[in-house]
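S.K.: fold the stuff below for me.
(one chain, ligands or ions: 2)
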Amino acid sequence: MRREYEIISVRGREIIDSRGEPTVEAEVELAGGAVGRASVPSGASTGIFEAHELRDEDALRFHGHGVLKAVGHVNGTIADIVRGMDASRQADVDRAMLAADGTENKTVLGANAILAVSLAAARAAARAMHIPFYRYLGGTMAHILPVPMMNILNGGKHASNNIDIQEFMIVPVGAHSFREALQWGSEVYHALGVLLRKRGLPTAVGDEGGFAPDLRNDEEALQMIVEAIEASGRTTDEIGLAVDAAASEWYADGQYTLPKRKQRLKTDELIGYLKELTRRFPILSIEDGLSDRDWSGWKTLTQELPIQLVGDDLFVTNTRRLRKGIGERAGNSILVKINQIGTLTETFEAIDMARDAGYTAVISHRSGETEDTSIADIAVAAGTGQIKTGAPARTERTAKYNRLLRIEEELGEAAVYAGKSVMWYRK
Ligand SMILES: C=C(OP(=O)(O)O)C(=O)O
Ligand SMILES: [Mg+2]
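M.R.: Ligands and ions are numbered 1, 2, ... in the order given. Below you'll find the model as predicted:
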């Protein structure tokens, strides 16, 4: 080991996220003086198969439960294990933490504690090598800027309005650069704000920065977004739509109950509804159209709807669940959330498995975020060509978009925007 990469100290602390809830931050210091810092996001519509987010049972702090126990593990067990290790050997660092935890879902140390150190160690090593984080993770050929899926209208668990679908996103596939994509997205976001105001509807926002009005129904949300795209001077060929239904939240006893419109649907009726939406609106991608327990429904949906079908709760960034999905031809894309699995190594394993199977991968934020921008670098490093990180507004979301602007600028002529090269399942 080169001594400058040796981990000499690990420090954890509790900070707050974009919802004002406690989360974990870690700092890793190397013998050569480099320091890496990272913090961990947190979901609201969390999948039941996600790695364990360790929260204190007893102490109800802020609004939710604190993470002092997880922070204690960073400062205690994890620090003891990784001290003396080579931070540039990511897989070794991650495996040592996994071995110390010893459980399938990281229930002992907590995926939040483990991820904070996994990321901070990588950041420290990148610093020690004096190279940007995306290049450290992805190598010198990393050059693909992802298409942003920008969530401009929020519903479901992310807003207290009457909309059941959780996320309505715009996808600027026709832009020529990431910068242009982001500009188009902001213009549509503002055009939507103008439309809402004109109709006397509130422009208050949900957890991911998208507007969260009460509307007649979910279709009206899609209709208004199409109008906003056109009002901004673009066409729906240039900017498509994507939705995250987050339908696991609707599922119980083999049936779906849309909680806000109080409608009950069987699997085939929900598939019919999604097909109908896709026929009426320029939807390129649907995430969690069905529940994480409805494998047979997912198979049918995948046979019947030739667009990108992203498994979030279904796969939880976990190669075991993804392998099953690939085998059963359930979905054709994976949502990648670093805290669903808890280490960088396992995150890249999931992306590799998806790519080998011809599945696309969408790097994603959580509804509870921090100023940490690691996912922007991960998207470029892995060259997945897609990222979803909320509205082009609210600093914890724009931090990622702005990081991508800087990466694009730094790459210069070498940068390629993924708009055209991503495998889009066009109707
Ligand atoms: C980002 C999402 O929300 P959360 O972080 O609440 O799971 C999602 O469901 O894709
Ligand atoms: Mg989702």
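
S.K.: quote the end-to-end distance of stretch 313-333.
M.R.: 12 Å (C-alpha to C-alpha, to the nearest Å).

S.K.: spit out the contact partners of the closest residue to Gly297 other than its chain neighbours.
M.R.: Distance criterion C-beta to C-beta, 6 or more residues apart in numbering; nearest residue to Gly297, sequence neighbours excluded, is Thr267 at 4.0 Å. Any C-beta I mention is one placed from the backbone N, CA and C, and that applies to glycine too. By C-beta atoms under 8 Å, 6 or more residues apart in numbering, the contact set of Thr267 is Gly254, Tyr256, Leu290, Asp294, Ser296, Gly297, Thr300.

S.K.: ligand 2: which of those is nearest?
M.R.: The shortest approach to ligand 2 among those belongs to Leu290, at 12.2 Å (C-beta to the ion).

S.K.: so what's that closest one closest to, chain neighbours aside?
M.R.: Among residues not flanking Leu290 along the chain, Gly297 sits closest, at 4.4 Å (C-beta to C-beta, 6+ apart).

S.K.: how about residues contacting the helix or strand hosting the one you found?
M.R.: Per DSSP states H and E, Gly297 falls inside helix 295-304. Where contact means C-beta under 8 Å, 6+ apart, the residues beyond helix 295-304 that reach it are 267-268, 270-271, 274-275, 289-291, 309, 311, 314, 324-325, 328-332.

S.K.: what's the mean pLDDT across that helix?
M.R.: For helix 295-304, the mean pLDDT works out to 98.

S.K.: quote the end-to-end distance of stretch 189-205.
M.R.: OK, stretch 189-205 end separation, C-alpha to C-alpha: 11 Å.

S.K.: over to stretch 232-248?
M.R.: 34 Å.

S.K.: near Arg261, how many other residues are there?
M.R.: 11 (other C-beta atoms under 10 Å).

S.K.: residues from the stretch 151-300 of the chain in reach of ligand 1?
M.R.: Asp244, Ala246 (C-beta under 6 Å from any ligand atom).

S.K.: now do the helices in the stretch 151-300 of the chain.
M.R.: Under the criterion DSSP state H, counting those that start in this stretch, helices of the stretch 151-300 of the chain are mapped to 178-198, 218-231, 267-280, 295-304.

S.K.: cool, the stretch 301-427 of the chain as well?
M.R.: According to DSSP H, counting those that start in this stretch, the stretch 301-427 of the chain carries its helices in the segments 319-328, 338-341, 344-356, 374-382, 395-411.

S.K.: want to throw these into a markdown table with distance to Asn112, mean pLDDT and mean neighbour count?
M.R.: What follows is those, written out as a markdown table (distance: least, C-beta to C-beta, whole Å; pLDDT from 0 to 100; neighbours: other C-beta atoms under 10 Å):
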| stretch | distance to Asn112 | mean pLDDT | mean neighbour count |
| --- | --- | --- | --- |
| helix 319-328 | 20 | 98 | 17 |
| helix 338-341 | 7 | 98 | 27 |
| helix 344-356 | 14 | 98 | 20 |
| helix 374-382 | 14 | 98 | 27 |
| helix 395-411 | 17 | 98 | 19 |
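
S.K.: which of those helices sits closest to ligand 1?
M.R.: With C-beta to the nearest ligand atom, the closest approach to ligand 1 among these belongs to helix 338-341: 8.4 Å.

S.K.: by contact count, what packs against that closest one?
M.R.: Under the contact criterion of 3 or more C-beta pairs under 8 Å, 6 or more residues apart in numbering; DSSP states H and E, helix 338-341 touches helix 111-129, helix 344-356, helix 374-382.

S.K.: does the first one come close to ligand 1?
M.R.: Meaning helix 111-129. No - contact of helix 111-129 with ligand 1 (C-beta under 6 Å from any ligand atom) is absent, the minimum separation being 13.2 Å.

S.K.: of all residues in the stretch 301-427 of the chain, which one is closest to ligand 2?
M.R.: Nearest residue of the stretch 301-427 of the chain to ligand 2: Asp312, at 3.5 Å (C-beta to the ion).

S.K.: next, count neighbours for Ile15.
M.R.: 16.

S.K.: who's in contact with it?
M.R.: Listed by C-beta under 8 Å, 6+ apart, the contact set of Ile15 reads Pro22, Thr23, Val24, Glu25, Ser39, Thr370.

S.K.: does it sit in a helix, a strand or a coil?
M.R.: strand (DSSP: H, G, I helix; E, B strand; the rest coil).

S.K.: tell me the angle the helix holding Gly297 makes with helix 267-280.
M.R.: Orientation check (axes from the mean of the first three to the mean of the last three C-alpha atoms, to 10 degrees): helix 295-304 against helix 267-280 gives 30 degrees.

S.K.: got the CA positions of helix 295-304 in PDB?
M.R.: This file holds the C-alpha atoms of helix 295-304, laid out as PDB (Å, rounded to 0.1, in the frame of the first residue of the first chain):
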ATOM      1  CA  TRP A 295     -43.700 -10.300 -10.100                       C
ATOM      2  CA  SER A 296     -46.200 -11.800 -12.400                       C
ATOM      3  CA  GLY A 297     -47.800  -8.400 -13.000                       C
ATOM      4  CA  TRP A 298     -44.300  -7.000 -13.900                       C
ATOM      5  CA  LYS A 299     -43.800  -9.800 -16.400                       C
ATOM      6  CA  THR A 300     -47.100  -9.000 -18.100                       C
ATOM      7  CA  LEU A 301     -46.400  -5.300 -18.100                       C
ATOM      8  CA  THR A 302     -43.000  -5.800 -19.700                       C
ATOM      9  CA  GLN A 303     -44.500  -7.900 -22.400                       C
ATOM     10  CA  GLU A 304     -47.300  -5.500 -23.100                       C
END
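
S.K.: up against ligand 1, what does the stretch 1-150 of the chain have?
M.R.: Residues of the stretch 1-150 of the chain lying close to ligand 1 by C-beta under 6 Å from any ligand atom are Gly43, Ala44, Ser45, Thr46.

S.K.: residue contacts, Thr203?
M.R.: Gly193, Leu196, Arg197, Phe211, Pro213.

S.K.: how about stretch 240-256 and ligand 2, touching?
M.R.: Yes - judged by C-beta under 5 Å from the ion, stretch 240-256 comes into contact with ligand 2 at Asp244.

S.K.: if you average pLDDT over that stretch, what comes out?
M.R.: For stretch 240-256, mean pLDDT is 97.
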